[in-house]
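[1] Pasting the sequence and the predicted coordinates here, then a few questions.
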Amino acid sequence: MAGIYIHIPFCKQACSYCDFYFTTHLLDKQDFLDALIKEIATRKTYLKSLPIETLYFGGGTPSQLSTKELQAVIKAVCIHFNVIENAEITVESNPDDLTEEYLQQLFNIGINRLSIGIQSFKNEDLELMNRAHNSQEAENCVALARKSGFKNISIDLIYGLPNATLEDWKTNVEKALQLDTEHISAYNLTIEKGTPLAHSVTKGRITIPSDHEVVLQHNLLIELLAKSGLEHYETSNFAKKSSRSKHNSSYWKGTHYLGVGPSAHSFNGSSRSWNISNTKKYVELIEKEKSHFETETLSLIDRINEFILTGLRTAEGIGLVHFESYFGKKALSNLLRESQESLSKGLLEKKQHRLIVTARGKVLLDGITSDLFFEK
Amino acid sequence: MKNIRNFCIIAHIDHGKSTLADRMLQITNTISDRDLQEQTLDNMDIERERGITIKSHAIQMDYEQDGEQYILNLIDTPGHVDFSYEVSRSIAACDGALLIVDATQGIQAQTISNLYLAIGNDLEIIPVLNKMDLPSANPEEVKDQIEELIGCDREDILSASGKTGFGVESILEAVIDRIPAPKGNPKAPLRAMIFDSVYNSFRGIIAYYRVFDGEINKGDKVKFLNTGKEYSADEIGILKLKQEKRDSVKTGDVGYIISGIKEAKEVKVGDTITHIANPCEQMVQGFEDVKPMVFAGMYPVDTDEYEEMRDAMDKLQLNDASLTFEPESSMALGFGFRCGFLGMLHMEIVQERLEREFNMTVITTVPNVSYIATDKKGEILNVHNPSDLPDPSKLEFVEEPYINAQIITKSDFIGPVMSLCIEKRGILKNQVYLTTNRVEINFEMPLAEIVFDFYDRLKSVSKGYASFDYAPIGFKRSDLSKLDILLNGDQVDALSALIHKSNAYYFGKKICEKLKELIPRQQFDIAIQAAIGAKIISRETVKALRKDVTAKCYGGDISRKRKLLEKQKKGKKRMRQVGNVEVPQEAFLAVLKLND
C-alpha cells in the first residue's frame, strides 16, 4: 500500500502561529493547478505500482479550492496511479469555507474524510490566532458536515494558547467531545520563529502559559478523551475504534508516500524528498521541467533512527520483533542497552516485545527519543 | 659580511606587518607573484585566519643597490605578549628593526614593549608609517608619538602602504643604508644562537640560528651549550622561501641545521650552538628556560580518545616546545592532561590546533596560574591546579604570581580603565602622558586577574582604544580561598578556583548564575551551589524540565524532526555527567564568561 499527499498552499489569511508553507495570494491559482497536475503525471512511477489507499489534501487550506478544482486533481491522480476503491480521501478545511452547498459537493465528488481546523471554540482565541472563522461557525460546521453525509470527521484543536486557563481548555475539549467526531488532532501551540505570534511574545504583548500549565492541559486532554472512548494512538492524534487516520498512520508506519505540491515530502523506503517551498518557483520549475525537489538517501542509521522516532510517537511503540528483523540482533541489543535509563526512570515500558512511552514519558518524548538514537 | 643585513619588524597586530613583508618579498623577487599568498610567512592556517604570527620565521632576500649585492635576512617575530621570550630572541638575532606603526591608529602597548626590547639590544630602529593610503591616516600626530618615543628626527620616519606598495623600496634602501652590517669574528670559534625551530616529519627538528662568530660547515660536530647535547650537522643551509642547502653558513648570516633531533625540548630557543672540538668561550647572553604562566586541564570530549589525545599532544609539542603537559584525571571529566601555556592566546591556539590538525575536540577547563603554597611544616609546593591546594588547616600561606601591566589608552578612558584595574586588585604604579590625549598607565596586578575575563572587559571599557602588555615581576603572598562548585551536592573538581577572599562571594554568586544559564533543564531540579570549605555561599536552582515534546510532525517531514533529535543527541553526548547531572562543556569555562 501507499499514500499520496497533495499540498494546497493557499490561505484566506495568515494564522498568527503558522510556519507551514502557505500563500495568501490566490491570483496564480490556475497556474498552480496546472503545475500540480503536471507534477502528478511526471511522478507517476515514484510509488512503483503500489496500490494507493489514501489521498490527503493538506495545506495551506485545501477548502480554498472549488470542488471542481479538487475533482480535477483527484482525476489526475486516478489516471496515473492505481487508486483502490474506497480509498481514504481526506480534505483539510476551515469552518468558514464549509457552507452546506460546498460540503454537499465535497461529499459528492468522493471525499470521505473531512478534517476541520476548528482550533478553539472561543472567539478571543480565534482572533488572537487570526483565524478566519468564529465560534459559531466552529460549533456548527460538524453538524452541517454530518448532514451532507460525512461519516468520518476529524477536528483540530490547539492547547497551550496565550491567556488560556485550564478551565478554558476544559470547556474547549468538552465542546469538541459534544460534536462526537471520529477523530481529534490536538496540538500544543509552538511559538515558531518568524511568526507574528513569536513577535508578539518577544515584544511582551502576550504571555504563553508555563510548561507546567501546558502539561496540565495535555494531561486533562488525554483523560477526557479516553473517557469518551478516543484512543491516544499518536502523540497528537486521538481516534474512535477503527477511525485512525490511515494516511497519517503511513507516516509512522514506514508506508511509502508521494507528496505533490510545494513543500510536500515524499518517502519511498530508501530516500526522502521534499519539494521546493515557494509556489511561484514551484510552478516555474514544473513548467520548465526542471528538478523541483531535493532528495536525501537514508543510511542504515537514518532508517533506524526514523523507526525509533516514529515508533515512539505511536501507542504501539517500537516493535522489537520488527526492529530485529529489519536491523539485526546487534542493533536490537544496542537499542535495549540505550533504553535502560528511560526504562528505569519509568518513562518507557516494555510490553509484549514493544517499547512504549509511558503516560509520564509522553510529555518528555523528544529527550527520550534522542537518547535512543543511534550515532553515526 | 659587510653586505648582510639582519632585521626584524616590530608592529602591533593588524598594523600591516605581514602585508608589508609580502611586498618586500615580491620586490626582491624572493617570491613570484604566482606563489604569493597573503601573509606568506605565516604558514599555519590559524596564523593567516587570525592575522597573527605565532611562530618566528626567517627569510633571506637578495637585493641589489648601487651595483652591490646585499643579503637581507628578515626575521618575522610573533607579536603577542604570550610569546615575548621568542620575540626577545628574534630581536637578539638582528642588528636593526623596522618599527611599523599604523598611521591611522598610532602606537600601541605591545609595540612599545617590543621596541624597548629592540633598543635594549642596540638595534637600529627605522620607523615606518604604514597604511598611508587610507584617508583616516593621521601621520602628523603619529609622527609626534614616534619622535617622543625614540627621539629620532622627524624626517627619518618613512611612509609606506603595504596595500599599494608605496614606499617599500625606500624601506629596503633604509635597511641597507641605516642598519649596520653584522659584527663578529669569522676566525673565532663558532657561536650561533637558536631563535626558532620547526618540526618536519621526515627530518626531525630543524633549528634556525644566527651565526655571531665563526662559521658552521656541513658535517661539523656541534654542541648545544644549554642542553649539553651533541650532534652532527647532517645538513645546513639558508632560509629562502624554502630551505636551500649550503656547505657552510658564515659569520653574520642566518641559517638552519638538520641533525636528526627527535625531541622538541632538545632545541631551546636562545641556546648557543658551537663546535665540540673548538668551543666558544661564552654562550650567547639572554637564554632563559621559558616557563608556562597559565595552566588548564584539557580533556578529550569522547572519553575513549585519551590515547589519541596523548598522541596528538606529543606531536603538537614537536613544534611547540613551550607547551607542557602531564596526565591528570578529574571526577567530572575523566582522564586528560594538565597543560601549561605561555598565556591565554597560546592556550587558545593549542586548543584550536588540536581541533584542526588532529581532529581532536577537547574540553578545556578554567585556566589558572601557578601558585606556591607553603604548609605549616615549611614545605613548599608548586600548585598548578586549584584542587591540589593543601587543606586550609595545613596551609601556612599561598603566593601568587604578579605582573607589571602596561596599558596605553586615550585619556578619555583613563577613568574606566583604572576602575577595572583596581577591581582586578591592581595597584597604580605610574601614569605618563605620551601625547596630549594618549596615556600610559602602569599597574601591579595578580596575573590570575588577567586570566579571568580581563581582555574583553578592557576592550569594552575603552571601546577598543586600549592596548595591553605585561611582564611578570615575581610572586607575592595573597589571601586566597578555594571556591568549590557543587551540583546536587556533588563537587565539580574541574570548576574549583582559587579566588581572593575579597572577591569570593561576588564570584560565587556570579558563577552560580552563569551555570544556571548554561546547564539545560533536566528531568529533575538541579541545585547549583558555591562553597568555601563547608560553607555554602551561594545557590541557584535549575528547575526540572516538565515538557519536551514537539506536537506536530508535519506532512511527513520526518527528516527535519530526525535531524533535530540527532543534534540533541550529539549535544548530550558532549555533556559530562557529574553525579546525575549532565553538564555541557561551555559550563566548564563559565568562569571566563561571567560578564557576557
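    That came through, no problem.

[2] what's the domain layout of chain A?
    A:2-252, A:300-372 (automatic domain parsing).

[3] The longest one vs chain B: in contact?
    In this case it means domain A:2-252. Yes. Counting by CB under 8 Å from any CB of the partner chain, chain B has neighbours in domain A:2-252: A:5, A:7, A:20, A:58, A:186-188, A:190, A:211-212, A:214-215, A:218, A:235-236, A:251. All C-beta spots, glycine's among them, are computed from the backbone N, C-alpha and C.

[4] Among these, which ones are in helices?
    If you go by DSSP state H, the residues of domain A:2-252 next to chain B have A:211-212, A:214-215, A:218, A:251 in helices.

[5] Which residue ranges make up the domains of chain B?
    By the assignment in automatic domain parsing, chain B contains the domains B:4-178, B:191-275, B:294-367, B:372-478, B:482-593.

[6] hang on, the earlier thing: just flag the most distant two among the ones in helices among the residues of domain A:2-252 next to chain B.
    Greatest spatial distance among these (CB to CB): A:H212 and A:Y251, at 30.2 Å.

[7] Looking at these two, which one has more neighbours?
    Legend: neighbour count by other CB atoms under 10 Å in any protein chain shown for A:H212 and A:Y251, higher for A:Y251 (24 against 11).

[8] The more buried one contacts A:T314, doesn't it?
    No. Here A:Y251 does not reach A:T314: they are 10.0 Å apart, not a contact under CB atoms under 8 Å.

[9] Let me have the domains of chain A in JSON lines, adding mean pLDDT as columns.
    Below are the domains of chain A laid out as JSON lines (pLDDT from 0 to 100):
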{"stretch": "domain A:2-252", "mean pLDDT": "93"}
{"stretch": "domain A:300-372", "mean pLDDT": "95"}
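
[10] picking that back up, just the buried residues of the residues of domain A:2-252 next to chain B.
    Buried by 16 or more other CB atoms under 10 Å in any protein chain shown: A:5, A:7, A:20, A:58, A:186-188, A:190, A:211, A:214-215, A:218, A:235-236, A:251, out of the residues of domain A:2-252 next to chain B.

[11] All the strands of the stretch 251-376 of chain A, in order from the start?
    With strands called from DSSP state E, counting those that start in this stretch, the stretch 251-376 of chain A shows them at A:256-260, A:265-267, A:271-275, A:293-297, A:318-319, A:348-351, A:354-357.

[12] what about these, which gets the closest to A:S120?
    Per CB to CB, nearest to A:S120 of the strands of the stretch 251-376 of chain A: strand A:354-357, 27.0 Å.

[13] contact partners of the closest one?
    Strand A:354-357 is contacted from outside by A:311-312, A:315-320, A:335, A:339, A:347-350, A:365, A:368, using CB atoms under 8 Å, 6 or more residues apart in numbering or on different chains.

[14] ok, now stretch A:268-277?
    By CB under 8 Å, 6+ apart, stretch A:268-277 touches A:7, A:21, A:46-47, A:254, A:256, A:259-267, A:282, A:285, A:292-298, B:557-559.

[15] and the residue lying closest to B:P180 once chain neighbours are set aside, how many residues sit next to it?
    In space, and not counting its chain neighbours, B:P180 is closest to B:D95: 5.4 Å by CB to CB, 6 or more residues apart in numbering or on different chains. Using other CB under 10 Å, B:D95 has 21 neighbouring residues.

[16] Excluding chain neighbours, give the residue nearest to B:L323 in space.
    Counting by CB to CB, 6+ apart, the nearest residue to B:L323 once its immediate chain neighbours are dropped is B:Q317, at 5.2 Å.

[17] which residues touch the residue of the stretch 201-350 of chain B found nearest chain A?
    Going by CB to the nearest CB, chain A is nearest to B:D302 of the stretch 201-350 of chain B, at 10.6 Å. Shown in contact with B:D302 (CB under 8 Å, 6+ apart): B:361, B:573.

[18] those strands in the stretch 151-300 of chain B, which residues are they?
    Along the stretch 151-300 of chain B, the stretches classed as strands by DSSP E, counting those that start in this stretch are B:158-159, B:191-200, B:204-213, B:216-217, B:221-224, B:230-232, B:235-239, B:243-246, B:248-249, B:254-261, B:272-275, B:294-300.

[19] helices and strands around the second one, which ones?
    Yep, that's strand B:191-200 we're talking about. In this structure, strand B:191-200 packs against strand B:57-65, helix B:84-92, strand B:204-213, strand B:272-275, with contacts taken as 3 or more CB pairs under 8 Å, 6 or more residues apart in numbering or on different chains; DSSP states H and E.

[20] need those in a markdown table with mean neighbour count, mean pLDDT and distance to B:I380, can you?
    Shown next, in a markdown table, are those (neighbours: other CB atoms under 10 Å in any protein chain shown; pLDDT from 0 to 100; distance: least, CB to CB, whole Å):
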| stretch | mean neighbour count | mean pLDDT | distance to B:I380 |
| --- | --- | --- | --- |
| strand B:57-65 | 19 | 89 | 40 |
| helix B:84-92 | 23 | 85 | 25 |
| strand B:204-213 | 24 | 93 | 34 |
| strand B:272-275 | 24 | 96 | 32 |
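
[21] Present these as a markdown table; the columns should include distance to chain A.
    As requested, the helices and strands packed on strand B:191-200 are exported to a markdown table (distance: least, CB to the nearest CB, whole Å):
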| stretch | distance to chain A |
| --- | --- |
| strand B:57-65 | 40 |
| helix B:84-92 | 42 |
| strand B:204-213 | 38 |
| strand B:272-275 | 52 |
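
[22] For B:E399, which of the ones you listed is the nearest?
    Taking CB to CB, helix B:84-92 is the member of these nearest to B:E399, at 22.3 Å.

[23] Which SSE is immediately downstream of the closest one?
    Downstream of helix B:84-92, the first helix or strand assigned by DSSP states H and E is strand B:96-102.

[24] ok, residues contacting that following strand?
    Outside strand B:96-102, the residues that touch it by CB under 8 Å, 6+ apart are B:5-12, B:14-17, B:20, B:91, B:107, B:111, B:115, B:118, B:123-131, B:142, B:145-146, B:150, B:171, B:175, B:178-180.

[25] Tell me how many other residues surround A:E289.
    By other CB under 10 Å, 9 other residues sit near A:E289.

[26] typo on my end, B:L241
    B:L241 has 16 nearby residues by other CB under 10 Å.

[27] same thing with B:L389?
    Using other CB under 10 Å, the number of residues around B:L389 comes to 18.

[28] Next: A:L197.
    25.

[29] Is it correct that it is in contact with A:D125?
    No. A:L197 is beyond contact range of A:D125, at 12.0 Å (criterion: CB under 8 Å).

[30] now the residue lying closest to A:H353 once chain neighbours are set aside: how far from chain B?
    Once flanking residues are discounted, A:H353 sits nearest to A:L320: 4.6 Å by CB to CB, 6+ apart. Separation of A:L320 from chain B (CB to the nearest CB, to the nearest Å) stands at 20 Å.

[31] Show me where the stretch 251-376 of chain A has its helices.
    Here the stretch 251-376 of chain A has its helices, by DSSP state H, counting those that start in this stretch, at A:279-287, A:300-313, A:320-327, A:329-344, A:365-372.

[32] Work out which residue lies at the spatial centre of chain A.
    For chain A, A:N248 is the residue whose C-alpha lies nearest the centre (CA atoms, centre = their mean; 6.2 Å).

[33] how about that residue, what does it touch?
    Contacts of A:N248 by CB under 8 Å, 6+ apart are A:56, A:234, A:237.

[34] For beta bridges, what are the partners of the second one?
    With DSSP bridges as the criterion, A:E234 is bridged to A:N237, A:T314.
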